[in-house]
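Colleague: here is the input, now give the coordinates:
(chains A and B)
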Amino acid sequence: MAAEKKNTGWVGRLLAWGLVIGLLAVVAVQLRASQQGVMSRGEAAPAFSFTTFDGVEYGPADFQGKVVLVNFWASWCEPCELEAADLQTAWELYEGRGDVLFIGLDYVDTQAEALAYLEEWGITYPNGPDLGTDIYRAFRARGVPETFVINQMGEITFVKIGPFISLEEITQAIDLLLEN
Amino acid sequence: MRRLILALILGLLLGFLFGYTASAVLAQGEEPPAPSDNEVNAIAKNLYCPVCENVPLDVCPTQACIQWRAQIGDLLAQGYSEQAIYDYFVAQYGDSVLASPPARGLNWLIYVVPPVAVLLGAVLLYRRMTIWRQAEELAAPQATTSDYNQRVEDELEARR
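Modeller: Coordinates of the predicted model:
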């Protein structure tokens, strides 16, 4: 009887410790993910797909072998306005080549205001909402505007936190990859 | 004369009837009233904008939150129910916008762990207290006989 009670006690303790260790592991994993910071140069860009405001779908197949610039923005974001015109000018420089793609991902925004923003700045490169903020989180972005340049191999080669300060800053990040 | 009065009453009744029907039709064709701030805020207080963490949407002063509240007003005006608006915001911006996260994935832990921990704690405390009580009972001196007590009392009395 006593031996049976002792065995039950061990099972209880094992379960309790298992529960505590399991919980700590979950907390540790979550904490690690939240403390990782923005994706950095050399990391493989996360695979993602999105649909533009006018209904065109883009996915990994469309990005393959191209230099891709991913820009997170929002209509309520005043610093985003500082780079909007330069991004559009840069897109117009590369649009005809076919090996460069600009993507705008609208973060935590309302559609009417987002469309008004795109019209105001005359932005023509593919733009769509980041539904559920899934892509933003995949890139471990921390705010807007943030821009990631991905090379032909799918690796992140340039990260800009905050707005670009000039057109040259954008073209330099892209030209470097086109020359290689 | 009587016929004239009857015709007049009938005319008035018909006029009233047609007038009422016309006004009812007009009312149906009118735009529904815009939702009030209170109606918008009743929903907004259960939502959080990811940009302004820990600030409920109904009191958040940023431009993003102002746009979101306007969006809630638009959806209410379109006839969306409260739940449909929450669903819309989750689809657009993710689960993190909800004040109470939905019980899916790891979120289950939030709802399961505290009650289980309290229950386990109560069971452990009860068991521990039972063990302590048993130990105290064992450690307590054996009950003395009344003869022994009497002898001690007598001895003490003799020494006074």
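
Colleague: what's the neighbour count on residue A:168?
Modeller: Using other CB atoms under 10 Å in any protein chain shown, residue A:168 is surrounded by 12 other residues. Where C-beta positions appear, they are placed from N, C-alpha and C, glycine not excepted.

Colleague: roughly how far apart are it and chain B?
Modeller: Distance from residue A:168 to chain B, counting by CB to the nearest CB, to the nearest Å: 30 Å.

Colleague: just the mean pLDDT for the one helix or strand that residue maps to, thanks.
Modeller: In this assignment (DSSP states H and E), residue A:168 forms part of helix A:167-179. Helix A:167-179 comes out with an average pLDDT of 96.

Colleague: any residues touching that helix, and which ones?
Modeller: A:67, A:69, A:86-87, A:89-90, A:93-94, A:99-100, A:149, A:151-152, A:157-158, A:160, A:164 (CB atoms under 8 Å, 6 or more residues apart in numbering or on different chains).

Colleague: low-confidence bits of the chain, can you list those?
Modeller: In the absence of a named chain, chain A is used. Where chain A drops to pLDDT under 70, the residues are A:1-8.

Colleague: let's do chain B instead
Modeller: B:1-32, B:141-145.

Colleague: circling back to that earlier point, just the buried ones from the contacts of helix A:167-179?
Modeller: The neighbour count (16 or more other CB atoms under 10 Å in any protein chain shown) marks A:67, A:69, A:86-87, A:90, A:94, A:100, A:149, A:151-152, A:157-158, A:160, A:164 as buried among the contacts of helix A:167-179.

Colleague: which helices and strands does the longest helix along chain A pack with?
Modeller: Ordering each helix of chain A by length in residues (DSSP state H) puts helix A:2-35 first. Counting contacts by 3 or more CB pairs under 8 Å, 6 or more residues apart in numbering or on different chains; DSSP states H and E, helix A:2-35 is packed against helix B:108-139.

Colleague: mind giving me the packing neighbours of the helix it packs on?
Modeller: In terms of contacts (3+ CB pairs under 8 Å, 6+ apart), helix B:108-139 is packed against helix A:2-35.
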